[in-house]
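> Okay, sequence plus prediction incoming.
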Amino acid sequence: MATIAAEFSHARRSDWSLPVAAYGLFALVGALALHPAALSMAKTWLSSSTYHHGVAVAPLALLMILSRPRIDPATGPAFLFGVIAAVLVWLAGHAAGVALVEQVAFVSLLIAGAGVFFGAAAFRLWAMPLFFLYFMVPFGEALIPFLQQATAHAVVALLNLAGLSATIDGVLIKTSAGLFEIAEACAGLNFLLAALMIAYVYACQALPSVSARLGFLFIAALIALAANFLRVYLLILIADISGMTLAVGPDHLVIGLVFYGAVFFLLFWIGAKMKSPKSLFPEHAPVMARRPWHGKLAVLAFVPVALAAVYARAVIDATPPRGVAEVSAFNAPGWRILPGPQNWTPAIEADRMRVYTYEKSGTRVYVGLAGFTHDRRGAEIVNTQNSAAGGDWRRIAGEENIAYLFGGTRAIPMEIFAGPERRRLLTLTAWWRGDKIYTDPRAFKAAQMKDKLQGRNPPGGIIVIASDYAGEPSEALARIRAFTGEVEPFADWRARHAEIRQAGAIPVSAL
């Protein structure tokens, strides 16, 4: 390593071959050391049409960098702190099991590394292309429920304004022609990301000032949202007027493509009006004197990356002693425990899954219990892929309600699902880890991060309590509250699990 550093230190200021080769090696080592982030990003690019654009981000960033004026290479010692910060954030995200945090940290590592290997002057010149790399991160999924609701309400308002009667039920829109669902693909996230990405490249290359660039990105976001509202409105309007003969088949996609093409034309027309060719770009301002390129400093950037990989493997990812996926039934005085319903089960990939029906005086609620020996990649206790209802059930709304659960009154996330024959299901979800119960997934992730960073990874699980209804959600909520108000304290339930652990297995009678 010292020999390599010595060779690097003799690189001439005008010679870019060694800095580029060293940065390429740094990026490769970073991708291998922090491979969960790099691999999950690549898989998402290939598997989700919303994020196919991720493949093109790095090449576009390179083209934007090559379009900048040429300067001499240098090293930026201050950016070593950015490298250290990035690997620390990655460790936190890896321990918490939050892929988004891992991926943002990985891209931040690449950006900070560019500052180390090419210097502050180059970083300032390339700032916008480098920050463009964040588009590699598959972000925005958390916005989908909000975008679905916003689209549904906007479309219903437009339909009513046009004189057509339309009502809304979560993300379902009912007109005289039929029932329309604002599915996740119709939420407009893919179009929003595409518009922002294209607007970013245009602003970076054509608009001269920071304020103009930020303004153009804001305009692009507004146009993308409004365009999706109008697109869905027009599709439902055409389907309604045509008696469900148009805009419900392949022509649905054709209409959308034509509409999006017109929107991008409008966006570029606005961008051309904002363009000022005589203005100087901010990154073309005179640069201060640079430090010479030092190979020894560049080599230091590899150290925190290697240490993070070793710590993650030795501590965070260490497999705990074989535990038991504990999912014994709750005790609830006065409630009979019956077999679980045939038409509902949570969609959770757990080590053990049990579903029960609890009945009291004709009132029924359903309970799904998922147990995990420990949290790990591919079997995360809090995971956006887990759903409180699988099969034919579709999530149409989410809300938070107060309920008495396990000895305390809590604000608990609840969801409404639509099923076959217009059935509705209200679900309550809670999570547990070790001897603590959580109703906020963020609090759960924070506790998990703290545990895993210290090498602890206790058993945990998911609790789903559900009730179906035909009228209003308040009916199901009342039944759920009646049940949760009589369930045994969480500490008692966990105490039984301790007895089960001591026995070395879960007896059949407890399941």
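Nice, thanks for sending it over.
> Following element in sequence after the helix or strand bottoming out on mean pLDDT in the chain, please.
Ranked by mean pLDDT, DSSP states H and E, the helix or strand of the chain with the weakest confidence is helix 2-9, at a mean of 44. Beyond helix 2-9 in the direction of the C-terminus, DSSP states H and E gives the next helix or strand as helix 17-33.
> buried ones in that following helix?
For helix 17-33, a neighbour-count test (16 or more other Cβ atoms under 10 Å) marks 18-19, 22-23, 26-27, 29-31, 33 as buried. For every residue, glycine as well, the C-beta is placed using N, CA and C.
> Between those residues, which sits nearest residue 40?
Nearest to residue 40 among those: residue 31, at 11.7 Å, using Cβ to Cβ.
> Please give me every residue in contact with that closest one.
Applying Cβ atoms under 8 Å, 6 or more residues apart in numbering to residue 31 gives the contacts 38, 106.
> Show me what counts as buried in the helix or strand where residue 146 lies.
Element membership of residue 146 [criterion: DSSP H and E] is helix 144-161. Neighbour counts over helix 144-161 (16+ other Cβ under 10 Å) mark 144-145, 147-152, 154-156, 158-159 as buried.
> now swap in stretch 69-89 and tell me
Buried residues in stretch 69-89 (16+ other Cβ under 10 Å): 71-77, 79-80, 82-84, 86-87, 89.
> what's the answer for stretch 215-233, then?
Per 16+ other Cβ under 10 Å, stretch 215-233 contains these buried residues: 216-217, 219-220, 223-225, 227-233.
> Same check on stretch 474-482?
Residues of stretch 474-482 classed as buried: 476-477, 479-482 (neighbour count, 16+ other Cβ under 10 Å).
> most residues in a single helix of this protein, which one?
Criterion DSSP state H: the longest helix present in the chain is helix 210-241.
> ok, then the element right after it?
Assigned by DSSP H and E, the successor of helix 210-241 is helix 251-274.
> And stretch 22-36, how far out from the chain middle?
Offset of stretch 22-36 from its chain centre (Cα atoms, centre = their mean, to the nearest Å): 23 Å.
> Kindly report the same for stretch 160-167.
On Cα atoms, centre = their mean, the centre of stretch 160-167 falls 34 Å from that of its chain.
> what's the answer for stretch 486-493, then?
On Cα atoms, centre = their mean, the centre of stretch 486-493 falls 33 Å from that of its chain.
> for stretch 294-310, same thing?
Using Cα atoms, centre = their mean, the offset of stretch 294-310 from its chain centre is 29 Å.
> Identify each buried residue in it, please.
Per 16+ other Cβ under 10 Å, stretch 294-310 contains these buried residues: 294-295, 297-302, 304-305, 308-309.
> Kindly export stretch 127-134 (C-alpha atoms) in PDB.
The C-alpha trace of stretch 127-134 is given here as PDB (Å, rounded to 0.1, in the frame of the first residue of the first chain):
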ATOM      1  CA  ALA A 127     -21.200  19.800  -7.800                       C
ATOM      2  CA  MET A 128     -24.500  19.500  -9.800                       C
ATOM      3  CA  PRO A 129     -23.400  16.400 -11.800                       C
ATOM      4  CA  LEU A 130     -22.200  14.700  -8.600                       C
ATOM      5  CA  PHE A 131     -25.400  15.500  -6.700                       C
ATOM      6  CA  PHE A 132     -27.300  14.100  -9.700                       C
ATOM      7  CA  LEU A 133     -26.000  10.700  -8.600                       C
ATOM      8  CA  TYR A 134     -28.700  10.700  -5.900                       C
END
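> Which residues does that stretch contact?
For stretch 127-134, the external contacting residues (Cβ under 8 Å, 6+ apart) are 57-58, 60-62, 64-65, 68, 104, 107, 110-111, 114, 123, 200-201, 203-204, 213, 283.
> 10 Å instead, please
57-58, 60-68, 103-104, 106-108, 110-115, 118, 122-123, 126, 197, 200-201, 203-205, 210, 213, 281-283 (Cβ atoms under 10 Å, 6 or more residues apart in numbering).
> Show me the residue at the heart of this structure, geometrically.
Centroid-nearest residue in the chain: residue 141, 4.7 Å away (criterion: Cα atoms, centre = their mean).
> and that residue, what does it touch?
So residue 141 contacts 44, 48, 50-51, 100, 184, 187, 189, 384 (Cβ under 10 Å, 6+ apart).
> Which of those are buried, as a ChimeraX select command?
To isolate the buried members of the contacts of residue 141 in ChimeraX, using 16+ other Cβ under 10 Å:
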select :44,50,51,100,184,187,189
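> would you turn the contacts of residue 141 into TSV with distance to residue 463, secondary structure and pLDDT?
TSV is the format used below for the contacts of residue 141 (distance: Cβ to Cβ, whole Å; DSSP: H, G, I helix; E, B strand; the rest coil; pLDDT from 0 to 100):
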residue	distance to residue 463	secondary structure	pLDDT
44	29	helix	93
48	29	coil	89
50	31	helix	89
51	32	helix	92
100	25	helix	94
184	25	helix	83
187	28	coil	86
189	30	helix	91
384	18	coil	87
